[in-house]
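K.L.:
Provide a 3D model corresponding to the input given below.
(one chain, ligands or ions: 3)
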Amino acid sequence: MQKIERIAQLRDFLRPHRERRLGLVPTMGYLHEGHLSLIRQAAKECEQVVVSVFVNPLQFGPGEDLDRYPRDLERDQKLAGEAGADILFTPGVGEMYPNGAKTTVRITGLTDRLCGASRPGHFDGVATVVSKLFHIVEPDRAYFGQKDAQQVAVIQQMVQDLNFPVEVVSCPTVREADGLAMSSRNVYLSPEERKQAAILYKTLREATREREAGRLCRAAEAVQFIRERLEKAEGLLIDYVEVLSYPELEPLDRLDGDRSIAAVAVRLGSTRLIDNVIWPQEEGTRCTSP
Ligand SMILES: Nc1ncnc2c1ncn2[C@@H]1O[C@H](COP(=O)(O)OP(=O)(O)OP(=O)(O)O)[C@@H](O)[C@H]1O
Ligand SMILES: CC(C)(CO)[C@@H](O)C(=O)[O-]
Ligand code: BAL
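P.N.:
Ligands and ions are numbered 1, 2, ... in the order given. Sure, this is the predicted structure:
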């Protein structure tokens, strides 16, 4: 496993191996089983795997947790290597944005809702850095987690619109034993908040069961069902609860037609957590540009 910090060095390293199928797993580091599942999937499908670790300042808003975002490159290198990564790409901010960030990639529409609405500019930052990573690495496949379902939809749209020759693979959300979606930010939770956090997936699962039993037929009913339960949880502040079409993220009436997403974002103390389920339930998707 090679750790590379410089873009030019990464390109030199990859150049002689361009005939090999190359997988990219973009991350912000502090790796956990969720990330490792993406790396293992990439290693299964690709002959060479690049994992990027870059805490991208562009996707953090003012007052967000850029400065305290957890970091441990040494541990990331060990875990990524064990999971099957060949290269850990760890550029600094100056390497990625030597001129500041004068060029921005913006996907409209899809980014108006959910985290796009509650974190203005977030997806501009994500799309900009992911398009840079696609240009730098030129992967055949790129792996993302369904935990960040809106991010997957946004990247798929970007790949189609900008004709990136890359297949976007979305992988199922990996969860703790009590159902909490793994996230680097879970380390911010106090022991009490950590217990409370299980309510997110518990509620989404209950809603899924109700929908499958035919007792939740409309998006508005599902939103109300989820909201009512989350509102009862002590110390938890709802950012959003939405049920939309997926991946279009358009408002929906009935739930028995198109694929939909039930997505939630909450605050527990100083920690913002997100989770979602896709209805009908599925195990990740694949999408290539036309
Ligand atoms: N629990 C998980 N299961 C599957 N994929 C995940 C999980 N958590 C993160 N990922 C995916 O890993 C990639 C890198 O995510 P990131 O480094 O932001 O991790 P994170 O744990 O989601 O951190 P954050 O706390 O910032 O949400 C993204 O594609 C993300 O969707
Ligand atoms: C895709 C990503 C690595 C871009 O910074 C980030 O948004 C993330 O970790 O999900
Ligand atoms: N996993 C999404 C990255 C972010 O929250 O900034």
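
K.L.:
sketch out the low-pLDDT regions of this structure for me.
P.N.:
The model of the chain has pLDDT under 70 over residues 282-290.

K.L.:
what does it have sitting close to ligand 2?
P.N.:
Taking Cβ under 6 Å from any ligand atom as the contact definition, the chain meets ligand 2 at 26-28, 56, 59, 126, 129-130, 148, 151. Using the backbone N, CA and C atoms, a C-beta is placed for each residue, glycine as well.

K.L.:
how many neighbouring residues does residue 61 have?
P.N.:
Residue 61 has 13 neighbours, counted by other Cβ atoms under 10 Å.

K.L.:
same question for residue 70.
P.N.:
Residue 70: 14 neighbours (other Cβ under 10 Å).

K.L.:
as JSON lines, the residues of the chain next to ligand 2 with secondary structure and neighbour count would be great.
P.N.:
Formatted as JSON lines, those follow (DSSP: H, G, I helix; E, B strand; the rest coil; neighbours: other Cβ atoms under 10 Å):
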{"residue": "26", "secondary structure": "strand", "neighbour count": "25"}
{"residue": "27", "secondary structure": "strand", "neighbour count": "23"}
{"residue": "28", "secondary structure": "coil", "neighbour count": "19"}
{"residue": "56", "secondary structure": "coil", "neighbour count": "22"}
{"residue": "59", "secondary structure": "helix", "neighbour count": "21"}
{"residue": "126", "secondary structure": "helix", "neighbour count": "26"}
{"residue": "129", "secondary structure": "helix", "neighbour count": "22"}
{"residue": "130", "secondary structure": "helix", "neighbour count": "27"}
{"residue": "148", "secondary structure": "helix", "neighbour count": "20"}
{"residue": "151", "secondary structure": "helix", "neighbour count": "25"}
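
K.L.:
how near is the closest residue to residue 180 other than its chain neighbours to residue 274?
P.N.:
Spatial nearest neighbour of residue 180, chain neighbours left out: residue 197 (5.0 Å); criterion: Cβ to Cβ, 6 or more residues apart in numbering. Counting by Cβ to Cβ, to the nearest Å, the separation of residue 197 from residue 274 is 11 Å.

K.L.:
ok so, going back, which of the residues of the chain next to ligand 2 come close to ligand 1?
P.N.:
Among these, ligand 1 is touched by 27-28, 148 when using Cβ under 6 Å from any ligand atom.

K.L.:
who does the residue of the stretch 101-250 of the chain found nearest ligand 1 bridge with?
P.N.:
Proximity of the stretch 101-250 of the chain to ligand 1 (Cβ to the nearest ligand atom) peaks at residue 145, 2.1 Å away. Using DSSP bridges, the bridge partners assigned to residue 145 are residue 171.

K.L.:
specify which residue of residue 197 and residue 274 has the higher count of neighbours.
P.N.:
Under the criterion of other Cβ under 10 Å, the comparison of residue 197 against residue 274 puts residue 197 first, with 25 against 22.

K.L.:
how about the contacts made by that one?
P.N.:
By Cβ atoms under 8 Å, 6 or more residues apart in numbering, the residues touching residue 197 are 180, 186, 189, 268, 273.
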